[in-house]
Structure formats: structure tokens, C-alpha cells
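Q: got a structure for you, letters missing:
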């Protein structure tokens, strides 16, 4: 059961291993995507279709009729990774062996929908992948095993996503061997150490210039590629309704530079310097709403952004 790209390596391993027999894939319904908003299948669905596997796409997996369809597959083992819906008790109890979730953090830290971005924003030095027994609570089930990795110095949401995706097959293979040999542990989570990573939306990347430059640097990297860190810039000084989003694709913290929060203080060959609550942020690559992505110096050559301009609401 999965809908995101992060689970694709694990699904591919399940399809080729001799340890289990893959009997079906459950994923989200096709959704509009891109500028044309064309209905697009999830990566797991596209892969499953090449194998001729049964594909189920319940709008709401809690519905009795949808659960009946899954039950017809008679699953011994259910593996979940970035599925996108909360599973009801009937589904958790359905497999004869286990219902496992591969979660992209070292639980109980960063439970929830966006653990990858949360780890980067928080400045964590390590994260990883946890294989857990699913329970009715939010990522609260017992832990079977974990695979920690270090977060790199200039890690982005995309690069960490891809590195964690690669961990999936090995972690699940080890978990299956432990389960089938009846040696799999069940390690309760320490609730006192639990943190939560809320689902991301379009506003999640909004830059609050009152924060320090190090946190804003982490925000820019964490929200890359989606939903993207952004600020607002006024495109017409005579109109209060002319603010547009300026997406920040790449930036660097400049802690030795002081300035007023949200105020453009300097232009240079490398980019635009904007003051923060502490230090400043050097904008390297930006994209004005409706325009293409470009270097910050190229942007200011075609857009009036004088020193002293205020960015943000």
C-alpha cells in the first residue's frame, strides 16, 4: 500500500523477491497534476500495471466495500509506505502475519505526514527509516527495526527523500527474515520523546524573516522541491494588491551580516542579501510567480528590486 515515489524501490523489491508473493497494490486514486491538470497515476500504480498486478484505488479505504475488495486478496502481510490514508482497525487486523509501515524517520521522532522536511527544518543531525507494526494511533506502533543515516550538510528535501527511499528494500528484507524466523522484536515507543510533523501545504514554505538565518536556510532546503520556500514581493508600488510569490530555490545563511528582517540590504554577483531576525539570507536562485526559475543576479536585472525593499507580507 503506497502512493508516493519514496515507496517505489520497496515495491520493486517485493515484486522480484522470492521471500514473498506480491498479490496486489493499493494506492490513491489518480489525481490532477501539472499545468494542464491531467489525471495522473501514482508511481506505484504505474509500476504495478507493468506487472499485471491487481490494483485497488479506494477513494476512502475505510468503506466496507473497499475493505471487502482488499480482503479478497487474502493478504498474509501488508506493507505500507507513504500511502496517504489512515487505515481502520479491520484492515490492520486483516493480514495473518503482520501489517508493517516503513516510516521515514527514527520513531518516535517526527511522527506524521512530513518527517523528511521536519528533520531538516529542526536541524537534526540524524534521521532514518523505521519499520514498525501498525497500530490505530498515528505512527505509534511497536518498532521492529530502524536504519539511521546522517543528514548531510546541504541536504534538501529531495536528496533526503531519495536516500531514504533506497533504504526501504534492505530494511524490509531484514524485517521479513526476522518475522518469518519468529525472531522479530516488538519495541514499544517512548511516548515522552514523540514529536509530530504535520502534513505540508502551499503555505508551509512561507518565509518568516524574523527567524534567524540558519533556520531559514534549513526551511529553503527542506521545502525543495515541494511546496517550495517563498516570500512576497510587490510588483507595483502604487497598488496594495500587486504582491506576488517569489519562490526561493537556493540560498545560503550569512551570519556575519546584520540587517532589518525582510529588508533587501545588498546586491552582489552571487545574489540578493535579505536581513533576518539574526544574520541574513543570501538568495541564489529565485522564481517569480508565473515566471521561470533563474539566478538571483539575473532576476534583479529584469525586475526592479532596490536596496531597502521589504519582502514578505
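A: It's in. These numbers were taken from a predicted model, which means no experiment stands behind them. Numbering: from 1, shown residues only.
Q: use CA for all of it now, contacts and neighbours both
A: Fine.
Q: How is the chain partitioned into domains?
A: Residue ranges for the domains of the chain, per automatic domain parsing: 5-197, 213-302.
Q: Determine how far the helix or strand harbouring residue 144 lies from the middle of the whole chain.
A: Using DSSP states H and E, residue 144 sits within strand 143-150. Distance of strand 143-150 from the chain centroid (C-alpha atoms, centre = their mean, to the nearest Å) equals 18 Å.
Q: cool, stretch 166-174 as well?
A: The answer for stretch 166-174 is 19 Å, by C-alpha atoms, centre = their mean.
Q: So for it, what gets flagged as buried?
A: Of the residues in stretch 166-174, 167, 168, 169, 171, 172, 173 count as buried by neighbour count, 16 or more other C-alpha atoms under 10 Å.
Q: before we move on, what about stretch 135-146?
A: Per 16+ other C-alpha under 10 Å, stretch 135-146 contains these buried residues: 135, 139, 140, 141, 142, 143, 144, 145, 146.
Q: Check stretch 257-276 too.
A: 257, 259-265, 267, 271-276.
Q: ditto for stretch 52-62
A: 55, 56, 57, 58, 61, 62.
Q: How about stretch 230-249?
A: 230-235, 243-249.
Q: Among the residues you listed, which are located in strands?
A: 230, 231, 232, 233, 234, 243, 244, 245, 246, 247, 248, 249 (DSSP state E).
Q: give me every residue that touches the residue lying closest to the first one once chain neighbours are set aside.
A: Just to be clear, that refers to residue 230. Once flanking residues are discounted, residue 230 sits nearest to residue 247: 4.1 Å by C-alpha to C-alpha, 6 or more residues apart in numbering. Shown in contact with residue 247 (C-alpha atoms under 8 Å, 6 or more residues apart in numbering): 228, 229, 230, 231, 286, 287, 288, 289.
Q: before we move on, what about residue 111?
A: 105, 138, 139, 140, 194, 195, 196, 197.
Q: any chance of these in a markdown table, plus secondary structure, distance to residue 306 and pLDDT?
A: Formatted as a markdown table, the contacts of residue 111 follow (DSSP: H, G, I helix; E, B strand; the rest coil; distance: C-alpha to C-alpha, whole Å; pLDDT from 0 to 100):
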| residue | secondary structure | distance to residue 306 | pLDDT |
| --- | --- | --- | --- |
| 105 | coil | 43 | 98 |
| 138 | coil | 48 | 93 |
| 139 | coil | 48 | 97 |
| 140 | coil | 51 | 95 |
| 194 | coil | 45 | 98 |
| 195 | coil | 42 | 98 |
| 196 | strand | 40 | 97 |
| 197 | strand | 37 | 97 |
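Q: I'd like to know which of the residues you listed is nearest to residue 121.
A: Of all these, residue 121 sits closest to residue 197, with 10.5 Å by C-alpha to C-alpha.
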